[in-house]
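K.L.:
Predicted model and sequence follow; I will ask about them next.
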Amino acid sequence: MDDPLAFLTAQHRAVRNFVVRELPRHGGKPLGAAQIACALGLKAAVVERLVDDLERHLFFLVRNAGGEVSWAFPITCEPTPHRLRFSTGEKIFGA
C-alpha cells in the first residue's frame, strides 16, 4: 500500500504548519502565498507550488476563489457550523 504522505517535503510541512498556526491569528481572513512566503523566507513561486501540491493531493490545504488558503484541516476561515475558540482568544471555524 502506498504512503499518501510520501510526497511531503520539509517545505510542504512548514507551509501547512504555518497556515494551521496562523489562520486563527489572522482575524478570520485567508492567507496569500506572498504572506506565507515572507513569513517562511521562501519565494512566493515556491509557496504556490507547495500549496498546489498540498491541494492536489487532497491533503491539508484548500484555496478560495481568490487563490488564498482558506482551509487548513482541521480549521477554516470559511463559515461552517463548527465554531472554535482557543484559550488564547482566537476564533475560527472547524473544517
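P.N.:
Everything's here; your move.
K.L.:
What segments of the chain are helices?
P.N.:
10-22, 33-40, 44-56 (DSSP state H).
K.L.:
For residue 31, list the residues it contacts.
P.N.:
Counting by CB atoms under 8 Å, 6 or more residues apart in numbering, residue 31 touches 19, 22, 23, 68, 69. The way it works is simple: take the backbone N, C-alpha and C, and place the C-beta from them, glycine included.
K.L.:
I'd like those residues as JSON lines, with distance to residue 7, neighbour count and pLDDT appended.
P.N.:
What follows is these, written out as JSON lines (distance: CB to CB, whole Å; neighbours: other CB atoms under 10 Å; pLDDT from 0 to 100):
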{"residue": "19", "distance to residue 7": "17", "neighbour count": "25", "pLDDT": "94"}
{"residue": "22", "distance to residue 7": "23", "neighbour count": "16", "pLDDT": "93"}
{"residue": "23", "distance to residue 7": "22", "neighbour count": "23", "pLDDT": "92"}
{"residue": "68", "distance to residue 7": "22", "neighbour count": "17", "pLDDT": "95"}
{"residue": "69", "distance to residue 7": "18", "neighbour count": "29", "pLDDT": "95"}
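K.L.:
And those, which two are furthest apart?
P.N.:
Based on CB to CB, the longest span within the contacts of residue 31 runs between 22 and 68 and measures 12.2 Å.
K.L.:
What's the local residue count around residue 44?
P.N.:
Residue 44 is flanked by 14 other residues according to other CB atoms under 10 Å.
K.L.:
Wait, it touches residue 33, no?
P.N.:
Yes: with contact defined as CB atoms under 8 Å, residue 44 counts as touching residue 33 (4.9 Å).
K.L.:
circling back: closest to residue 38 out of the contacts of residue 31?
P.N.:
residue 22 (11.6 Å).
K.L.:
List the contacts of that closest one.
P.N.:
31, 39.
K.L.:
Please repeat the previous calculation with a cut-off of 7 Å.
P.N.:
For residue 22, the contacting residues are residue 31, by CB atoms under 7 Å, 6 or more residues apart in numbering.
K.L.:
Low-confidence bits of this protein, can you list those?
P.N.:
1, 59 (pLDDT under 70).
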